[in-house]
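Colleague: The amino acid sequence is not available; the structure is as follows:
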């Protein structure tokens, strides 16, 4: 799970990053709202922790932009303000949850688990694209009514493509997705896995966007 932490207090941020690493979360830290907007444009995250009191004042803009774009990224806001008006405004602007500073990191971890569980419950257990069916619970794949055996890496790559149809996935993003795949004897080359998916499913399933990355077209 990848988390985007937007917090200008370096000491607090380092404590959060360390605690989340122990809980097996991969965390990217940004100090300003502008940096966070750039990170959101360039990478995919499972959840964002957002400090309301950013010095550049971009916290509210980030929330508004995400929700205006119908982005479903869960957002947990950190704030030093404990007034009910502030809490209501946060929720109305699109925050999924909030915590008042100072807080216990154990509660932060618990709230993160709840938000990620809600996000997972919103997803369908089976992803479909034409004749392609990917069952996220059974970890199985079917194409044209026939079972297709995929390696773990191929399954994870295909899942990411199906969840981001019509969006170009950069090579860097796909390589970052591979973090945690160690312990497997397969090749790490992204090209190898893309080639195998095309061979097992359909040659034109995944398009190469030269110099940028790969794309699964939304139209079958």
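Modeller: Sure, I can see it. Everything quoted here is computed from the prediction, not taken from an experiment. Residues are numbered from 1 along each chain as shown.
Colleague: contacts and neighbour counts: CA atoms only from here.
Modeller: Noted.
Colleague: Is the residue positioned nearest the centre of the chain in a helix, a strand, or coil?
Modeller: Nearest to the geometric centre of the chain sits residue 45, at 2.7 Å (CA atoms, centre = their mean). In three-state terms, and counting by DSSP: H, G, I helix; E, B strand; the rest coil, residue 45 is coil.
Colleague: pretty sure it is touching residue 73, no?
Modeller: Yes. Here residue 45 reaches residue 73: they are 7.5 Å apart, a contact under CA atoms under 8 Å.
Colleague: Now do the contacts for the residue nearest to the centre of the chain.
Modeller: Contacts for residue 45 (CA atoms under 8 Å, 6 or more residues apart in numbering) come out as 1, 2, 3, 4, 73.
Colleague: rerun at 6 Å
Modeller: Residues near residue 45 by CA atoms under 6 Å, 6 or more residues apart in numbering: 2, 3.
Colleague: Give the residue spans of this structure that score low on pLDDT.
Modeller: For the chain, the stretches flagged by pLDDT under 70 are 70, 121-124, 178-188, 220.
Colleague: Domain map for it?
Modeller: Segmentation of the chain into domains, based on the TED database, reads 2-124, 130-216.
Colleague: tell me the contacts of the nearest residue to residue 78 once chain neighbours are set aside?
Modeller: Take residue 78 and drop its neighbours on the chain: the residue closest to it by CA to CA, 6 or more residues apart in numbering is residue 51, 4.6 Å away. Contact analysis of residue 51 by CA under 6 Å, 6+ apart lists 6, 7, 77, 78.
Colleague: Please repeat the previous calculation with a cut-off of 8 Å.
Modeller: Contacts of residue 51 were listed using CA under 8 Å, 6+ apart, and they are 6, 7, 8, 59, 77, 78, 79.
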